[in-house]
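[1] Show me how the following folds:
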Amino acid sequence: MYIELKTGFSDDGPAWIGRVRFSKTGRTIYYRGKTLRRISAAGGNHIDVDTGETYWVSGVKKNREDRHWAGRGPVTLDEDVREEYERMVDR
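    This next block holds a predicted model:
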């Protein structure tokens, strides 16, 4: 999944591509020790239940253009998904 911190950064926040776990209902995502609950809000679609920070979480795009068109900055690829991600985008 593509995960981007929105709070304090708009479209330029730190971003990652990594493996997440979903709750049984699918409304909560677990990533790197964070619990991100689904919300409907301008700018983000998940909130960290511990810190209140807003995140954008979405599926990974095969064309590698995961960031918002107005955003910029590197997207960190987690090592545990690197091989799977590279296979997916190289098709």
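
[2] what does whichever strand in the chain runs longest rub up against?
    Counting by DSSP state E, the longest strand found in the chain is strand 34-41. Outside strand 34-41, the residues that touch it by CB atoms under 8 Å, 6 or more residues apart in numbering are 3, 26-30, 45-50, 54-55, 57. (C-beta placed from N, C-alpha, C; glycine too.)

[3] the strands in this structure, which residues?
    2-5, 15-17, 21-22, 28-31, 34-41, 44-48, 54-58, 75-77.

[4] Next, format those as CSV and append mean neighbour count, mean pLDDT and distance to Arg87.
    Listed next are these as CSV, based on neighbours: other CB atoms under 10 Å; pLDDT from 0 to 100; distance: least, CB to CB, whole Å:
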stretch, mean neighbour count, mean pLDDT, distance to Arg87
strand 2-5, 21, 96, 17
strand 15-17, 21, 96, 13
strand 21-22, 10, 97, 21
strand 28-31, 17, 98, 21
strand 34-41, 14, 94, 26
strand 44-48, 19, 95, 26
strand 54-58, 19, 94, 19
strand 75-77, 14, 94, 13
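
[5] could those strands be laid out in a markdown table, adding distance to Asp90?
    Below are these laid out as a markdown table (distance: least, CB to CB, whole Å):
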| stretch | distance to Asp90 |
| --- | --- |
| strand 2-5 | 17 |
| strand 15-17 | 14 |
| strand 21-22 | 26 |
| strand 28-31 | 24 |
| strand 34-41 | 29 |
| strand 44-48 | 28 |
| strand 54-58 | 20 |
| strand 75-77 | 13 |
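
[6] Of all those, which one comes closest to Glu86?
    strand 75-77 (8.6 Å; CB to CB).
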